[in-house]
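Asks: Kindly return the folded structure for what I paste below:
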Amino acid sequence: MSQANIAIAQALYAAFGRGDLDTILDGCAPDVEWQSGGRQEDYPTFGLRKGKTEVEEFFRIVAQTQDFDEFTPQDFYADRDKVFVLGRYAMTLKKNGRKPASEWIHIFSFQGGKVTKFREFMDSAVYAEAFRG
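Replies: Okay, here's the model as predicted:
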């Protein structure tokens, strides 16, 4: 099952690269929990979102606030129902042209081939500072 979950995570990253939000949402359980970074008041994409509607809103905010200069999932690891992905991204903020970058880890939890939880950890201070500037 672990390899199958890695394949699903890789397909979701490929869908993101194509701008295919429908495939990403189809890969999520109806009650998915999607959490990114720190506090939402520090950066618009940060915080916890629940359900596909709020995940869709997350990706809308991503598109409105930033352009990715780099988005590179690098290493994939699986254990039981979880997939851990190490990567790096860099972006340009549409608000002010600043260019934050960070390594990250994404943790996907799966049940029945669907994402039930997503957690994103990065250097959130870099993004909060860039957004304030």
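Asks: Strands of the protein, residue ranges please.
Replies: Per DSSP state E, the chain carries strands over the ranges 28-36, 47-50, 66-79, 82-93, 101-111, 114-122.
Asks: what angle separates the last one from strand 82-93?
Replies: Computed by axes from the mean of the first three to the mean of the last three Cα atoms, to 10 degrees, the angle separating strand 114-122 from strand 82-93 equals 50 degrees.
Asks: what do you get for the third one?
Replies: Angle of strand 66-79 versus strand 82-93, following the same axes, to 10 degrees, is 170 degrees.
Asks: next one: strand 66-79 to chain centre, how far?
Replies: Here strand 66-79 is found 9 Å from its chain centre; the criterion is Cα atoms, centre = their mean, to the nearest Å.
Asks: counting contacts, what elements does it pack onto?
Replies: helix 2-18, strand 82-93, strand 101-111 (3 or more Cβ pairs under 8 Å, 6 or more residues apart in numbering; DSSP states H and E). For the C-beta atoms, the positions are set from N, CA and C on the backbone; glycine is no exception.
Asks: Next up, the contacts around Q66.
Replies: Contacts for Q66 were tallied using Cβ atoms under 8 Å, 6 or more residues apart in numbering; they are T45, M91, T92, L93, K94.
Asks: how near is the residue nearest the centre of the chain to D22?
Replies: Residue closest to the mean C-alpha point of the chain, counted by Cα atoms, centre = their mean, is E120 at 6.0 Å. Plainly put, E120 is 21 Å away from D22 if you go by Cβ to Cβ, to the nearest Å.
Asks: okay, the strands of the chain in TSV with distance to L12 and mean pLDDT next?
Replies: TSV is the format used below for the strands of the chain (distance: least, Cβ to Cβ, whole Å; pLDDT from 0 to 100):
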stretch	distance to L12	mean pLDDT
strand 28-36	9	98
strand 47-50	16	98
strand 66-79	10	97
strand 82-93	10	98
strand 101-111	8	98
strand 114-122	7	98
